[in-house]
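**Student:** Here's my sequence, what's the structure:
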Amino acid sequence: MQTRLLRFSYFLLHKLIRLRKDGNFKQPLRICSLLNTRPMMTKKHMLGGLMIACFSFLALSASAQKTVTVKGEVLDMNCYMAKGAHGAGHASCARMCLKGGAPAGLLTSDGKVYLLVENHDKSAPYEEARNHAADQVEITGTVENRGGVQALVVDNVKASGGSM
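**Tutor:** Next up, the predicted model:
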């Protein structure tokens, strides 16, 4: 296809040069209009726009929220972040701090920490998670990352009773 177009372009250029020597300028203008690549550029732009739309759709669908279930220990974030305190030895302090309004977190067996966040549509599961201070639980919800903070929006809580 490109070789045909290239040969045709050379043919038209040759005609253009030959017609100019004859003094006929209307004919070369008509030939130059045949070399107009605007329709081809429009197709390229349309294809580029279509590709951008497809990639945008894929990116948005990939970032859709997915429900996950995470197992771990419910933390009192004040004591954990300040002193690294957690576990059965810290249970009474964690309960007292969480009842006092300290933020709750979840420490998984692989060391990841999630800030527990209340689901605005249903707050009961979040309150239940706060009542399980220093206990092993399974929390179902959606993971959100904002400004370097990894949070778990609590949808469901189930006490698992195992140790970390």
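
**Student:** Quick one: find the helix or strand in this structure with the lowest mean pLDDT.
**Tutor:** helix 26-34 (a mean of 54; mean pLDDT, DSSP states H and E).

**Student:** which regions of the protein lie under the pLDDT threshold?
**Tutor:** For the chain, applying pLDDT under 70 flags the ranges 1-41, 59-64, 161-164.

**Student:** Kindly recompute the last result at 80.
**Tutor:** Within the chain, the segments meeting pLDDT under 80 span 1-47, 54-65, 161-164.

**Student:** Kindly state the domain boundaries assigned to it.
**Tutor:** Taking automatic domain parsing as the domain assignment, the record places the domains of the chain at 2-62, 67-159.

**Student:** May I see these arranged in TSV, with mean neighbour count as well?
**Tutor:** In this view, the C-beta of every residue, glycine as well, is placed from N, C-alpha and C. Below are those laid out as TSV (neighbours: other Cβ atoms under 10 Å):
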stretch	mean neighbour count
domain 2-62	10
domain 67-159	17
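
**Student:** Check the gap between Val149 and Gly105 for me.
**Tutor:** Here the criterion is Cβ to Cβ, to the nearest Å. By it, Val149 lies 11 Å from Gly105.
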